[in-house]
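Q: Got a predicted model here, sequence first, then my questions.
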Amino acid sequence: MTGAQTLGRAVAALALTLWPLASGCASKDDVERTQVSHAGDGACDRPYADSSPWNAPIGAAPAVDPRSDERVRTLGEELTSDPTQYTYPVYRAGPSASFESVAIEGWLSDVRAGGRRLVNVSGGSVDVPVPQEARAAAGSDGQLIVLDPATGDEWGFWQLRRDGDRWSATNGYHYNTRWSGVPPLSDGDSAFVSRGAGVPYLAGLVRPCEIERGRIDHALAFAYDSPSRAHVYPATKSDGNGNRDDLPEGARLQLDPSLDAAALGDGGCRGPCLTIARALQRYGMYVVDNSGRPKVMLEYEGTADWNGLVDERTAAPIPLRSFRVVEPPAPPTDAAGAAP
């Protein structure tokens, strides 16, 4: 049995013995009747520890990169927000969910010891409560997130596919939403296998419950077409192909906090756009990936059921030129933050 298989079975046993405190409008009975439900179904708890860099407000007087204006000009002309492809469907496992074996053809990143130890396993398989009806996002990346709210376990897959009754993926990971949102490096200094910046898929994702309530309490995930090959905390690696003048992955951008609702509304930013803009002023967005266009990450339509509430142009009225590059938070100096 591989280490990944052992991990999966141990997590399976734990998941079936625990039940989380009720939250939102979904009762325990409601969820038990459905083995796996969409993450937006009444579950709007903020993932990761309160001390996570994803959950830390920027503050009133942040340090600003002296080359901020120059670097912001490299981002592109328009902010997009497409929930129909190249983003993340999210499924939540109820206590009666059955576990399926997912064969890993590339690498599985397994984070252990309260978020402090990373083991990268080549090949093997992992047992995950992925539902039979699950579908990866459209696009060649084929990504998908599975959450167990009882244990906090988070699994993510890249190029997930189903062939008959078998699941397989090119890469996958196991993390936990109770940790910092910043995986450590392995003993051999290899990074967390996920999207470009080496952070979990759920980090920075805008969910339907947040738009519906009109408030996002965390930083957003941002991708554009030319981040540099460098990275800064909270990123643990970079898939960028830009040059040293471009932003490193992990860089944090903030929308001009002096723009009020009236000014944003005059530019056409209302409703869901305004909710996103307020989060970008308070928490900002981190560069997490190399993308074909500038975009903030919204949960995939297949699980979010946006039904037209948001689309690829929802964030377009937010002016990219009104962002500034602020200094990222410093990594924790002790083990309490479960960060590298």
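A: Everything's here; your move.
Q: tell me the SS of residue 119?
A: Recorded secondary structure, residue 119: strand (DSSP: H, G, I helix; E, B strand; the rest coil).
Q: Now for it, how many residues are close by?
A: By other Cβ atoms under 10 Å, the residues close to residue 119 number 18. Where C-beta positions appear, they are placed from N, C-alpha and C, glycine not excepted.
Q: State the distance from it to residue 232.
A: Residue 119 is 24 Å from residue 232, where distance means Cβ to Cβ, to the nearest Å.
Q: Ok, residue 219 next?
A: Computed with Cβ to Cβ, the distance linking residue 219 and residue 232 is 14 Å.
Q: So between those two, which is more surrounded?
A: With other Cβ under 10 Å as the criterion, residue 219 and residue 232 differ in neighbour count, and residue 219 comes out ahead with 29 against 18.
Q: wait, isn't the more buried one in contact with residue 283?
A: Yes: in this structure residue 219 lies within contact range of residue 283 using Cβ atoms under 8 Å: 4.1 Å.
Q: Do a quick rundown of the helices in the stretch 101-250 of the chain.
A: Listed in chain order, the helices of the stretch 101-250 of the chain (DSSP state H, counting those that start in this stretch) span 208-213.
Q: can you give me the strands for the stretch 201-340 of the chain?
A: Secondary structure of the stretch 201-340 of the chain, counting by DSSP state E, counting those that start in this stretch: strands at 220-224, 252-255, 285-290, 295-296, 323-326.
Q: and these as a markdown table, adding mean pLDDT, mean neighbour count and distance to residue 165?
A: Formatted as a markdown table, the entries for these read as follows, by pLDDT from 0 to 100; neighbours: other Cβ atoms under 10 Å; distance: least, Cβ to Cβ, whole Å:
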| stretch | mean pLDDT | mean neighbour count | distance to residue 165 |
| --- | --- | --- | --- |
| strand 220-224 | 97 | 25 | 33 |
| strand 252-255 | 98 | 24 | 44 |
| strand 285-290 | 97 | 26 | 32 |
| strand 295-296 | 98 | 24 | 35 |
| strand 323-326 | 98 | 20 | 47 |
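Q: which stretches of the stretch 1-150 of the chain have low pLDDT?
A: Scanning the stretch 1-150 of the chain with the threshold set as pLDDT under 70 gives 1-43.
Q: go again using 90 as the cut-off
A: Low-confidence segments of the stretch 1-150 of the chain, defined by pLDDT under 90, are located at 1-44, 94-97, 132-133.
Q: So which residues of it form strands?
A: Counting by DSSP E, counting those that start in this stretch, residue ranges of the strands within the stretch 1-150 of the chain are 36-38, 90-93, 100-104, 107-112, 117-122, 125-128, 144-148.
Q: per-residue confidence at the residue nearest to residue 105 when sequence neighbours are not counted?
A: In space, residue 105 comes closest to residue 170 once its chain neighbours are excluded; the distance is 5.3 Å by Cβ to Cβ, 6 or more residues apart in numbering. The predicted local distance difference test score for residue 170 is 98.
Q: thinking residue 170 is in contact with residue 159, fair?
A: Yes: shown here, residue 170 and residue 159 form a contact pair, counting by Cβ under 8 Å, at 3.9 Å.
Q: on that earlier part again, tell me who's in contact with the residue nearest to residue 105.
A: Applying Cβ atoms under 8 Å, 6 or more residues apart in numbering to residue 170 gives the contacts 104-106, 158-159.
Q: Turn the strands of the stretch 201-340 of the chain into JSON lines, including distance to residue 86.
A: What follows is the strands of the stretch 201-340 of the chain, written out as JSON lines (distance: least, Cβ to Cβ, whole Å):
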{"stretch": "strand 220-224", "distance to residue 86": "9"}
{"stretch": "strand 252-255", "distance to residue 86": "20"}
{"stretch": "strand 285-290", "distance to residue 86": "9"}
{"stretch": "strand 295-296", "distance to residue 86": "8"}
{"stretch": "strand 323-326", "distance to residue 86": "22"}
